[in-house]
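Peer 1: here is a sequence with its predicted model. Questions after.
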Amino acid sequence: MVNVKQIDALLPQTQCRECGYPGCLPYAEALANGSATIDHCPPGGVETVKALGALLDIDPTPYLPAAKINTRPFAIADIREAECIGCTKCIQACPVDAIIGTAKMMHAVLSDECTGCGLCVEPCPMDCIDMQPHSEPSYDRDRARQRFHARETRLIREAHQKEKSYREKRQIATQTTDAKQEQKAKQVYILQALARAHAKKS
């Protein structure tokens, strides 16, 4: 029986989401359970359709015409340095951490790591990212897969840390509020006691 890893190994690991799934692995899982067809990978093109067909024992012939039309040539992201304002939106969008830089500093694309997904283009407010055509991919699929999963793990960890920090701050705020209420209650009690004492003297 074909497993998900075998299917995932045939996919280009661009993590471009053009298949309708949030990455190559989710698409592989959908193929494994039969909820997706083999022609949803524009970067993979005809070769991927044929490879998936052979692995899954599916005749690729009906899927080839659409695959030929939808095939997307490989391209690498290129940032026009003079126009980059260092907003970091492209860094946040890159699924394989192939863009480096810090806030308010010019960013750069690691060409050997870029999978050509194009996800960095749309969020750029300066429209200063071009997809430069290349004859063939220069990135390593296995490394791209590792970088993608490492990024996903990091984002989950950061989300957990953010949630933990939020809970701690909320707890501190609650304790502070309780302390203030307790102090106010003591002050009210003292004032009431003084008022009673004064009333007795009167």
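Peer 2: Structure's in. What do you need?

Peer 1: this protein: helices as residue ranges?
Peer 2: With helices called from DSSP state H, the chain shows them at 4-10, 24-32, 45-56, 64-70, 89-93, 141-201.

Peer 1: now tabulate the ones you listed in CSV and tack on mean neighbour count, distance to residue 18 and mean pLDDT.
Peer 2: For every residue, glycine as well, the C-beta is placed using N, CA and C. Formatted as CSV, the entries for these read as follows, by neighbours: other C-beta atoms under 10 Å; distance: least, C-beta to C-beta, whole Å; pLDDT from 0 to 100:
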stretch, mean neighbour count, distance to residue 18, mean pLDDT
helix 4-10, 17, 16, 97
helix 24-32, 21, 10, 97
helix 45-56, 18, 11, 97
helix 64-70, 14, 9, 94
helix 89-93, 18, 14, 96
helix 141-201, 11, 15, 82
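
Peer 1: between those, which one is closest to residue 110.
Peer 2: Taking C-beta to C-beta as the measure, the helices of the chain were each checked against residue 110, and helix 141-201 came out nearest at 9.9 Å.

Peer 1: give me the angle between the closest one and helix 24-32.
Peer 2: Taking axes from the mean of the first three to the mean of the last three C-alpha atoms, to 10 degrees, one finds that helix 141-201 is oriented at 110 degrees with respect to helix 24-32.

Peer 1: start the count at 31, not 1, going forward
Peer 2: Will do, 31 is the new start, and the previous item becomes helix 171-231.

Peer 1: report the contact partners of the residue nearest the centre of the chain.
Peer 2: Relative to the mean C-alpha position of the chain, the nearest C-alpha, by C-alpha atoms, centre = their mean, is the one of residue 125, at 5.7 Å. The contact partners of residue 125, by C-beta atoms under 8 Å, 6 or more residues apart in numbering, come to 45-46, 53, 145, 147, 149, 178, 181.
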